[in-house]
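> whatever this is, show me its structure:
(one chain, ligands or ions: 3)
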Amino acid sequence: MTLQLDDLRVRRLGECRYDSPLSEMLTTKQTSPHYVAEGDRVLLEDTVSMLAGHDLPPEQVPSFEAAGPRRKVYFDPSSVTAGILTCGGLCPGLNNVIRGLVQELAVHYKVKRIVGFRNGLRGLTAEYRDDTVELTPEHVRDIHNAGGTILGSSRGNQDPDEMVDSLVEHGIDVLFVIGGDGGMRAATCLSKAIEARGLDIAVLGVPKTIDNDLPFTDQSFGFQSAFASAMDFISSVSVEAAASPNGVGLVKLMGRHSGFIAAYAALAANGADIVLIPEIPFALDGPDGLLAYVEHHVREKGFVVIVLAEGAGQDLLDEPGLPGRDGLGTDASGNVKLGRIDDLLKQRITDHLTAVGLAPTMRYIDPSYSIRSVVANAYDSVYCLRLAHAAAHAAMAGRTEIAVARWRRRFVHVPLSLMTSRRNRVDPDGDLWMSVLETTCQPAEFGVPRERRRTPAGFC
Ligand SMILES: Nc1ncnc2c1ncn2[C@@H]1O[C@H](COP(=O)(O)OP(=O)(O)O)[C@@H](O)[C@H]1O
Ligand SMILES: O=P(O)(O)OC[C@H]1O[C@](O)(COP(=O)(O)O)[C@@H](O)[C@@H]1O
Ligand SMILES: [Mg+2]
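Numbering: from 1, shown residues only. Ligands and ions are numbered 1, 2, ... in the order given. Presented below is the predicted three-dimensional model:
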C-alpha cells in the first residue's frame, strides 16, 4: 500500500475560534531541529531515495500533521468535560498517561470536569456507565508510582451506540482511549457512531502496546520498561543454564504477532544464543533445524539460552496430534488464542538432547505478566507525559479520530484508520534483526521448507 498525503489528513470538528491558554508561549515559535511549528508537517519517510521516489513537490509529499499546542482551540476550555479510559492488556506507563492528561487538561486548559470510565470500554456500557471516577490533579498526583492502571481495563466487545449514549449522558466533549490495536479499532467505531449522530465529541487515541505492534510510532510507550524487565529474566536464565549440566535456558516472552520484545530484550541482555520470533518461521528437524543447532551449541559451549516470543513457530502446532492454532478460538476481544509453543519446544529439545546422550537441565521462565505490570522507567515516564500533552492539545484543537504518536522523534497526529491498517512487525530484512543475528550468531533461518518461507516485509 502506497500512502498519499490525503491518507494522512486529520479530521477536525470545526474551526478553532477560542484563544488557547498557551497561545502566548507560541507567538515566537518556529520550526527548528527541536520543534515543529503549527502548520508545518512531519515527513512520513526519511531517506533521500524514498523522497526522490515520489517525484513530488515538498508540500505534496506524504507527511503527518505535527502535534502540539495551537494558538486557537476549538472547544471553550472552561466548558469542556473530558473522559478517559484504558483498555486491553496492561502496559507500563498507563497511569503516567492518565496523570499527564489530567494535569494538562485541569491545570493549563482548566477544563470543567474529567471523568474516568472504569474497566475499559465496558465502562461505557449501560450497565457500568455510572460507575465512574472523578479525576482531579490531587487524585492522580501519585499514580505514576504504580504499574497497571487506576481505571482498570478489560477485553470484550461493546455496542457503539450504547457507548455513545454513555458519552452523551455524561456530557463528554472529548474522549481519550488509551488502548492497543483493538482499542484503536473501538475508538474508530465510536467516532463513526458519534459522527453518524451529528454529535460534537472528539475521540483521541493514545496507542499502548508492549508488543510494539502498532504502526507509525517509533516505539510504543512502556515498551522500553517492559523489555528492560525481560532482560533481567534472560540474565537469570543464562546464569542458571551456564551452571547446569547441558543447561537449556528458555525464556518465553509476550509477542503475539511481533517479536520486538524478544529481539530487544535479547539484545539488551546480550546473552541469548537463539531468538525465535513470529516473523521468522523455523523448522525443528533436519540437519539445519533448530534441534540440531541446539545440540551443536550444547556440545560446544555446554549450555544454550533461547529467547522465545509466544507467537513464534505457531505453524509447528498444526501438525497432527498437536493443539493447532486454529482450534483454540479467540479471546473476548477477538484476538486469536495461541498454542503453547514453549511446551512443544521444552519437550522436543529434552527428547532430542536425551536421545543424543546430552540429557539437559531445563531452566524455563515465563515472565509475561511480570514485565508488563512494572512501573514505567524514567524514559517511558517522560514519553508518556509528552504523549499525554500532545493528546490534550489535539483534543482541545478539535482533532478527532486520530491517535497521537512519535514518529521519527517528532510528535504527530495519525488518523485512526492508519493506526489499524497494518501491524508493526520485525522486518527480517531490517537492521534490528540483523543486529540480533550479529549478536546471537544464530543462522538466518533454521531449515525452513520452501512453502513455509516468510514473505518479504514492505514499508507501508
Ligand atoms: N474491530 C473492533 N471493533 C470494535 N471494538 C473492538 C475491535 N477490536 C477490539 N475492540 C475492542 O477494543 C477493546 C480492546 O481490545 P483488545 O484487543 O482487548 O486490546 P488492545 O486494545 O490492547 O488491542 C476491547 O474491549 C475490544 O472489544
Ligand atoms: O492474557 P491477556 O491479558 O489476554 O494478555 C496477553 C496478550 O497481551 C499482549 O501483551 C498484547 O496485548 P494488547 O494488544 O492488549 O496490548 C500479548 O502479547 C499477549 O498475548
Ligand atoms: Mg491488541
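
> please count neighbours and contacts with C-alpha atoms only from this point.
Fine.

> quick check: Ile114 vs Ser79, distance?
Computed as C-alpha to C-alpha, to the nearest Å, the Ile114 to Ser79 distance reads 11 Å.

> between these two, which has more neighbouring residues?
Set Ile114 next to Ser79 and count neighbours by other C-alpha atoms under 10 Å: Ile114 wins out with 23 against 12.

> backbone dihedrals for the more buried one, please?
phi -130, psi 120 (degrees, to the nearest 10).

> so the closest residue to it other than its chain neighbours, which state does it fall into?
Using C-alpha to C-alpha, 6 or more residues apart in numbering and skipping residues adjacent in sequence, the residue nearest Ile114 is Ala82, 4.7 Å away. Three-state call for Ala82 (DSSP: H, G, I helix; E, B strand; the rest coil): strand.

> can you map out the strands along the stretch 151-300 of the chain?
With DSSP state E, counting those that start in this stretch, the ranges of strands along the stretch 151-300 of the chain come out as 174-179, 202-207, 247-253, 274-276.

> in its sheet, what does the second one sit against?
In the sheet containing strand 202-207, its partner strands are strand 174-179 (parallel), strand 402-407 (parallel), by DSSP bridges.

> from ligand 1, how far off is the residue nearest to Ile114?
Distance of Ala82 to ligand 1, computed by C-alpha to the nearest ligand atom, to the nearest Å: 19 Å.

> ok, that residue - how many residues close by?
29.

> that one and Lys110 touch, don't they?
No - counting by C-alpha atoms under 8 Å, Ala82 does not reach Lys110; the two are 11.1 Å apart.

> make a markdown table out of the strands of the stretch 151-300 of the chain and add mean neighbour count and mean pLDDT.
Conversion of those to a markdown table gives the following (neighbours: other C-alpha atoms under 10 Å; pLDDT from 0 to 100):
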| stretch | mean neighbour count | mean pLDDT |
| --- | --- | --- |
| strand 174-179 | 25 | 98 |
| strand 202-207 | 27 | 98 |
| strand 247-253 | 27 | 98 |
| strand 274-276 | 23 | 98 |
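
> so which of those gets nearest Leu353?
Minimum separation from Leu353 across those (C-alpha to C-alpha) falls at strand 247-253, 10.0 Å.

> stretch 104-124 and ligand 2, are they touching?
No - using C-alpha under 6 Å from any ligand atom, stretch 104-124 stays clear of ligand 2, with a minimum separation of 11.2 Å.

> what about that stretch, average pLDDT?
Per-residue pLDDT over stretch 104-124 has a mean of 97.

> quick one: it to chain centroid distance?
Relative to its chain's centre, stretch 104-124 lies at 22 Å (C-alpha atoms, centre = their mean, to the nearest Å).

> which one of the strands of the stretch 151-300 of the chain lies nearest to ligand 3?
strand 174-179 (7.9 Å; C-alpha to the ion).

> the closest one near ligand 1 at all?
Yes - if you take C-alpha under 6 Å from any ligand atom as the test, strand 174-179 does meet ligand 1, through Gly179.

> who's in contact with that strand?
For strand 174-179, contacts defined as C-alpha atoms under 8 Å, 6 or more residues apart in numbering pick out 80-88, 94, 183-184, 187, 201-209, 391, 395-396.

> hmm, back to that, of the strands paired with strand 202-207, which is nearest Leu56?
strand 402-407 (21.3 Å).

> which residues are contacting that closest one?
10-11, 67, 184, 203-207, 216-219, 387, 390-391, 411-416, 419.

> helix or strand next in line after it, which one?
strand 410-415 (DSSP states H and E).

> counting by contacts, list what that next one packs against.
Under the contact definition 3 or more C-alpha pairs under 8 Å, 6 or more residues apart in numbering; DSSP states H and E, strand 410-415 sits against strand 63-66, helix 378-396, strand 402-407.

> what's the angle from it to helix 378-396?
50 degrees (axes from the mean of the first three to the mean of the last three C-alpha atoms, to 10 degrees).

> quick one: distance of strand 410-415 to the chain centre.
The chain centroid and the centroid of strand 410-415 are separated by 15 Å, computed with C-alpha atoms, centre = their mean.

> repeat for stretch 180-193
The answer for stretch 180-193 is 15 Å, by C-alpha atoms, centre = their mean.

> CA atoms only: put it into CSV for me.
Below are the C-alpha coordinates for stretch 180-193, written out as CSV (Å, rounded to 0.1, in the frame of the first residue of the first chain):
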residue,chain,number,x,y,z
GLY,A,180,-3.8,-1.1,21.6
ASP,A,181,-4.9,-2.2,18.1
GLY,A,182,-8.2,-3.3,19.5
GLY,A,183,-8.7,-0.1,21.4
MET,A,184,-7.9,2.0,18.3
ARG,A,185,-10.4,-0.1,16.3
ALA,A,186,-13.0,0.5,19.0
ALA,A,187,-12.2,4.3,19.0
THR,A,188,-12.7,4.3,15.3
CYS,A,189,-16.1,2.7,15.6
LEU,A,190,-17.1,5.0,18.4
SER,A,191,-16.0,8.0,16.3
LYS,A,192,-18.1,6.8,13.3
ALA,A,193,-21.1,6.3,15.6
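
> for the stretch 101-250 of the chain, what lies in contact range of ligand 1?
121, 155-157, 179-183, 185-186, 189.

> residues touching the residue of the stretch 251-400 of the chain found nearest ligand 1, list them.
Per C-alpha to the nearest ligand atom, Ser333 is where the stretch 251-400 of the chain lies closest to ligand 1, at 4.2 Å. Residues in contact with Ser333 (C-alpha under 8 Å, 6+ apart) are 155-157, 182.

> switch the cut-off to 7 Å
155-157 (C-alpha atoms under 7 Å, 6 or more residues apart in numbering).

> to ligand 2, which of the strands paired with strand 202-207 lies closest?
strand 174-179 (7.2 Å).

> export that closest one as CSV, just CAs?
Extracted as CSV, the C-alpha positions of strand 174-179 are listed here (Å, rounded to 0.1, in the frame of the first residue of the first chain):
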residue,chain,number,x,y,z
VAL,A,174,-13.5,14.8,24.4
LEU,A,175,-12.8,11.1,25.0
PHE,A,176,-9.3,9.7,25.4
VAL,A,177,-9.0,6.0,24.6
ILE,A,178,-5.7,4.6,25.8
GLY,A,179,-5.5,1.2,24.1
